[in-house]
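Asks: A predicted structure for the sequence below; I have some questions about it.
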Amino acid sequence: MSHFSVIGAGSWGTTLAYLLSQKGIEVSLWVYEKDLAEEMERTRINKIYLPHVTLPRHMKISHQIDEVLNKARYLLNAVPAQYTRAVFQESLPSIPKEAIIISAAKGIERGTLKTISSVLKELSACQVAVLSGPSFAKEVIKNLPTAVTLATEDRNTGLMLQEMFNTNNFRVYTHDDVLGVEIGGALKNVMAIASGISDGLGLGLNARASLITRGLAEMTRLGVAIGAKERTFSGLSGLGDLVLTCTGSLSRNYTLGIKLGQGMKLGDVLNQTTSVIEGVATAESAFELSRKYNIEMPIVEQVYKIIYEGKDPALAVNDLMGRSLKTEFY
């Protein structure tokens, strides 16, 4: 009854599959790349995304998504945000109607401007929860202390999932603001790109602290405008994830920003990584949301212009600093 199907074998999906299996939970892991799936099944090692961890023999690993889903009671979505719709549309016939979906993806879908839980609800009749918060996979897999937020609409579902995910080193808090948790998890990636650009330009610690703080203000303004709770953004999925992603060297979005600040071209940076850098697509979605809801988001706007219009990062900084003066809270 507690079978978990983990969809997506990147570093985070593989880590969560490992964490659950270590608790004695039956886990199946879907791997998109056929060659990698076959190799992982044989060697028990994900050489691309988590090369230093040996996965347990009792964990089922497969490229065939119907094999992974056929007896799922709980379904963990670890597919990058922009690919979630395509993967789940294909797999819908294999998803049991009583399954509970937990989304660990962080992003806003391009075009529709929907959060990933909204996409999953549109595609299925399943309950959808969201797992988010400051959690680099490489630290979780080492059993370093980590705290995250699990947001659900149903309290009893939240309490049940909290017990299932929680370990001595992976502390899970429950929350009821699914939308707010997702908005925080998505927009912090855009702010991390901005933070990296600042550091790549050598602007110093004062600038980075200011950027993180004002970035949080932008995230909160947008979140509240579309129905999230303001207090959510002061929690683990808001401020917590923002600080981690804007300062941690393990952050792909922060690292991308550093390279952009140092003068590298976006295409060259993306060609150097095998992982999806979620903030690139989310910058476009966030910019469009700010226009849709008439929310002032100057940091998001400048990141968007750097990525999609080729704006010089130094000029973007000048434009941010030269904006009209105003009160801090308005």
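Replies: Here it is on my side, so go on. Nothing here was measured: the structure is a model prediction, and the numbers come from that model.
Asks: how would you label Ser28: helix, strand or coil?
Replies: Assigned with DSSP: H, G, I helix; E, B strand; the rest coil, Ser28 falls in the strand class.
Asks: quick one: terminal-to-terminal distance for stretch 219-235?
Replies: One end of stretch 219-235 sits 12 Å from the other (C-alpha to C-alpha, to the nearest Å).
Asks: Relative to the whole chain's centre, how far out is that stretch?
Replies: Offset of stretch 219-235 from its chain centre (C-alpha atoms, centre = their mean, to the nearest Å): 17 Å.
Asks: quick one: low-confidence parts of this structure?
Replies: Flagging of the chain using pLDDT under 70 yields the residue ranges 1.
Asks: Domain-wise, how is it divided?
Replies: When the chain is parsed with automatic domain parsing, its domains come out as 4-176, 186-321.
Asks: Of these, which is nearest Phe329?
Replies: Minimum separation from Phe329 across the domains of the chain (C-beta to C-beta) falls at domain 186-321, 8.2 Å. Just so you know, the C-beta spots here come from the backbone N, C-alpha and C atoms, and that holds for glycine as well.
Asks: Just checking the distance from that closest one to the centre of its chain.
Replies: Distance of domain 186-321 from its chain centroid, counting by C-alpha atoms, centre = their mean, is 14 Å.
Asks: now do stretch 87-98
Replies: 22 Å.
Asks: so who does Gly185 touch?
Replies: Applying C-beta atoms under 8 Å, 6 or more residues apart in numbering, we find Gly185 in contact with Lys106, Val130, Ser132, Gly133, Ser237, Asp241.
Asks: Could you do Asp241 as well?
Replies: Ser132, Gly133, Pro134, Ser135, Gly184, Gly185, Lys188.
Asks: again, only using 6 Å
Replies: Neighbour list for Asp241: Gly133, Pro134, Lys188 [criterion: C-beta atoms under 6 Å, 6 or more residues apart in numbering].
Asks: Break down the stretch 201-330 of the chain into its helices, ranges please.
Replies: For the stretch 201-330 of the chain, the helices defined by DSSP state H, counting those that start in this stretch cover 205-225, 241-247, 252-261, 266-271, 278-292, 298-308, 313-321.
Asks: Including distance to Thr157, could those go into JSON lines?
Replies: Below are those laid out as JSON lines (distance: least, C-beta to C-beta, whole Å):
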{"stretch": "helix 205-225", "distance to Thr157": "23"}
{"stretch": "helix 241-247", "distance to Thr157": "22"}
{"stretch": "helix 252-261", "distance to Thr157": "30"}
{"stretch": "helix 266-271", "distance to Thr157": "37"}
{"stretch": "helix 278-292", "distance to Thr157": "26"}
{"stretch": "helix 298-308", "distance to Thr157": "33"}
{"stretch": "helix 313-321", "distance to Thr157": "42"}
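Asks: As TSV, the domains of the chain with distance to Phe329 would be great.
Replies: As requested, the domains of the chain are exported to TSV (distance: least, C-beta to C-beta, whole Å):
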stretch	distance to Phe329
domain 4-176	24
domain 186-321	8
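Asks: Tyr330 is nearest to which of those domains?
Replies: Relative to Tyr330, the nearest member of the domains of the chain by C-beta to C-beta is domain 186-321, separated by 9.2 Å.
Asks: In terms of helices and strands, where is the nearest residue to His63 once chain neighbours are set aside?
Replies: The shortest distance from His63 to any non-neighbouring residue, by C-beta to C-beta, 6 or more residues apart in numbering, is to Ala37 (3.8 Å). Using DSSP states H and E, Ala37 sits within helix 34-43.
Asks: Let me see the ranges of the strands in this protein.
Replies: Using DSSP state E, the strands of the chain run over 4-7, 27-30, 45-46, 50-54, 60-62, 74-77, 100-103, 127-132, 146-151, 170-175.
Asks: Go through these and pick out the most buried.
Replies: For those, the largest average neighbour count (mean count of other C-beta atoms under 10 Å) is found in strand 4-7, namely a mean of 28.
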